[in-house]
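[1] here are the coordinates; sequence isn't available:
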């Protein structure tokens, strides 16, 4: 079974400050990890993903995340917050251990972290 | 725009009723996933279809069912609705050989 824990349901930062959203996972197979963002009244948009290879992955809007197997973590960071970053962020793990085929690939999500950015 | 479409955007109905939510995946994507987002349960996987066949089931109630048609669109049927079924229902699609699921805008269901 897979699980995801996001530490902190609410994170508040000032504009220009570092954003750090924490995610820890549990998986019995090599994990595929994702961060999605949800703006109010919208669907989920992929920010970035880790499958294999380089453990530091860069995504859209200046976000990046580092896969640390020893810590079972995949924390999301952004050096300088912008007002437009205010949204809810979800970390997710997939059971799709092999790219391709008809593998299941369902996503298990964390509880979400609401990011507030103050002027 | 993810390329995944869902209709309707909003649905208001009464307890005991039955509704159908529709999803059209991105062109060429054979896998369709349904998720439920509620305040108390968060985002939960319901069911997956691949090229018309059910592939995986999650926390889906017996009152709920789904299917995927030959043109690859999918429908989620919710029956004997209860107040607790009020939630946002997302559909996502994934291309074979790729890891990313692309989400539709969701259908917001309110059961009164």
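    Perfect, I can see it now. The shown structure was predicted, so the numbers you read here are calculated from the model rather than taken from an experiment.
[2] quick check, residue B:2 in contact with residue B:100.
    No. Applying Cβ atoms under 8 Å, one finds residue B:2 not in contact with residue B:100, separated by 10.0 Å. All C-beta spots, glycine's among them, are computed from the backbone N, C-alpha and C.
[3] in chain B, what residue sits furthest out from the centroid?
    The outermost residue of chain B relative to its centre, with distances by Cα atoms, centre = their mean, is residue B:97 at 21.8 Å.
[4] where does it sit: helix, strand or coil?
    Secondary structure of residue B:97, reduced to three states by DSSP: H, G, I helix; E, B strand; the rest coil: coil.
[5] what does chain A have sitting close to chain B?
    Counting by Cβ under 8 Å from any Cβ of the partner chain, the residues of chain A close to chain B are A:32, A:34, A:36, A:42-46, A:49, A:51, A:90, A:94, A:96, A:99-102, A:104-112.
[6] dihedrals phi and psi, residue B:107?
    Reported as degrees, to the nearest 10, the phi and psi values for residue B:107 are phi -120, psi 120.
[7] center of the chain - which residue?
    No chain specified, so I'll use chain A. So for chain A, Cα atoms, centre = their mean, it's residue A:35, sitting 2.7 Å from the centre.
[8] wait, I meant chain B there
    Taking Cα atoms, centre = their mean, the centroid of chain B lies closest to residue B:34, which sits 3.5 Å from it.
[9] wait, that residue sits on residue B:78?
    No. Assessed by Cβ under 8 Å, residue B:34 is found out of contact with residue B:78, at 10.5 Å.
[10] mind listing what the residue nearest to the centre of chain A touches?
    The neighbours of residue A:35, taking Cβ atoms under 8 Å, 6 or more residues apart in numbering or on different chains as the test, are A:21, A:23, A:46-49, A:59, A:63, A:65, A:74, A:76, A:89-92.
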